[in-house]
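Asker: Sequence first, then the predicted structure, then my questions.
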Amino acid sequence: MTNSAPPQEGAEAVVKRNPHPDFKAVEASRPPFDTSKQFHYTQAPKPDWKPGEGANDASNLTKTHREIDPYAEGRPILYNYKLLISGIIPRPVGFVSTISEDGQSTNLAPFSFFNVIAHNPPLFILGISGGFNRPKDTLSNLIDTKECVINMISEEYIEAANYAALDCPVGVSEWPFSGLHPVKSALVKPDRVQEAVFSVEAKLVETREWESKVEPGRKTGVLAIVEGVRFWVREDAVNEEGNLIDPAVLKPIARLGGISYTRVTEGFELPRPVYNEVTKDPEVAKLVKPKADGQ
């Protein structure tokens, strides 16, 4: 469920994200989705951890690593894509709605190359496969109108959002296939997803096109930076100050590798340390050393 794969890997038949010849049979063999699991807090993995102790499992230091050159001779570039989406996890999914310049064609697409990068101003990034010479509908609409809406995906409509990844022909909307409900935005033309607990109306700031390192001249992707200009949060999910969304209500879905996703059912809290406070402890103060060369 992503439109961010390199263009030569955009088709499912080529990418082969699904490792199962008969997915439905495999799915049927698994336990049902457990709706009884609700979000809750636990202790941190090691509540008695002390400064300087390092990792909780020291045995990791005895394990070896493999060095991988992303441009090694004979290594298919597709391997880099599969490695990255299985290693950089979990990733939030940006569920993006756009509309054509003439207002006649709407588009709804999930992106797993997505994240928030700043809050003042609120900035988000989208990684879109292909170049300006063969843009996907989302990129075409974004360039033409300079507007979009980012909707966060929750458990309640993950199947519908996944179906919006359908490879529809140009000009064919994914909205009807998903069955999700569009609702008018305040400042931008694209509709937001009514089922989304959290949505962000956004306007395009800038784009940057990328070129392949193994096929010079071939445009392989575009980075789009958009600015959030209006937030929408469901009333039962946000506090009175409008500065905290309850994860138990948001029920966020995140991307793993292949066709795998994960849900958030538990969390723990860790206060950020303050140097001037923690170094009052004599034992912690012993850790204060000048940086060595290269550090």
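Answerer: Structure received.

Asker: Just give me the neighbour total for the residue nearest to Arg230 when sequence neighbours are not counted.
Answerer: Closest residue to Arg230 apart from its sequence neighbours, by Cβ to Cβ, 6 or more residues apart in numbering: Glu201 at 4.0 Å. Where you see a C-beta, it was placed from the backbone N, CA and C, and this is true even at glycine. Look at Glu201: counted by other Cβ atoms under 10 Å, it has 23 neighbours.

Asker: Counting neighbours, which bits of the helix or strand hosting Leu84 end up buried?
Answerer: In this structure, Leu84 sits in helix 77-87 according to DSSP states H and E. Residues of helix 77-87 classed as buried by neighbour count (16 or more other Cβ atoms under 10 Å): 77, 80-82, 85.

Asker: Could you list every helix and strand in contact with that helix?
Answerer: Under the contact criterion of 3 or more Cβ pairs under 8 Å, 6 or more residues apart in numbering; DSSP states H and E, helix 77-87 touches helix 12-15.

Asker: Following element in sequence after the helix it packs on, please.
Answerer: Heading C-terminal from helix 12-15 (DSSP H and E), you reach helix 23-28.

Asker: Quick check: of the buried residues of helix 77-87, which lies closest to Val222?
Answerer: Tyr81 (15.9 Å; Cβ to Cβ).

Asker: circling back to that earlier point, now the element after the helix holding Leu84, going C-ward?
Answerer: Downstream of helix 77-87, the first helix or strand assigned by DSSP H and E is strand 91-92.

Asker: what's the span of stretch 48-63, first residue to last?
Answerer: Start and end residues of stretch 48-63 are separated by 25 Å (Cα to Cα, to the nearest Å).

Asker: Do me a favour and average the pLDDT over the helix holding Leu84.
Answerer: Average pLDDT, helix 77-87: 94.

Asker: list the contacts for the spatially most central residue of the chain?
Answerer: By Cα atoms, centre = their mean, the chain has its centre lying nearest to Pro92, at 2.7 Å. Neighbouring residues of Pro92 by Cβ atoms under 8 Å, 6 or more residues apart in numbering: 114-115, 152, 252, 254-255.

Asker: I'd like those residues as TSV, with neighbour count and pLDDT appended.
Answerer: Output for the contacts of Pro92, formatted as TSV (neighbours: other Cβ atoms under 10 Å; pLDDT from 0 to 100):
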residue	neighbour count	pLDDT
Phe114	22	97
Asn115	14	98
Met152	21	98
Pro252	19	97
Ala254	16	97
Arg255	25	96
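
Asker: ok, of those, which one's closest to Ala285?
Answerer: Asn115 (36.6 Å).

Asker: moving C-terminal of the one helix or strand the closest one maps to, what's the next helix or strand?
Answerer: Element membership for Asn115 (DSSP H and E) is strand 114-119. Under the assignment DSSP H and E, the closest C-terminal helix or strand after strand 114-119 is strand 122-129.

Asker: Report the inter-axis angle for that next one versus helix 77-87.
Answerer: Here strand 122-129 runs at an angle of 140 degrees relative to helix 77-87 (axes from the mean of the first three to the mean of the last three Cα atoms, to 10 degrees).

Asker: Given strand 122-129, what are its sheet partners and their directions?
Answerer: strand 114-119 (antiparallel), strand 219-233 (antiparallel) (DSSP bridges).

Asker: What are the buried residues along the longest one?
Answerer: This means strand 219-233. Going by neighbour count (16+ other Cβ under 10 Å), the buried part of strand 219-233 is 219-222, 224-230, 232-233.
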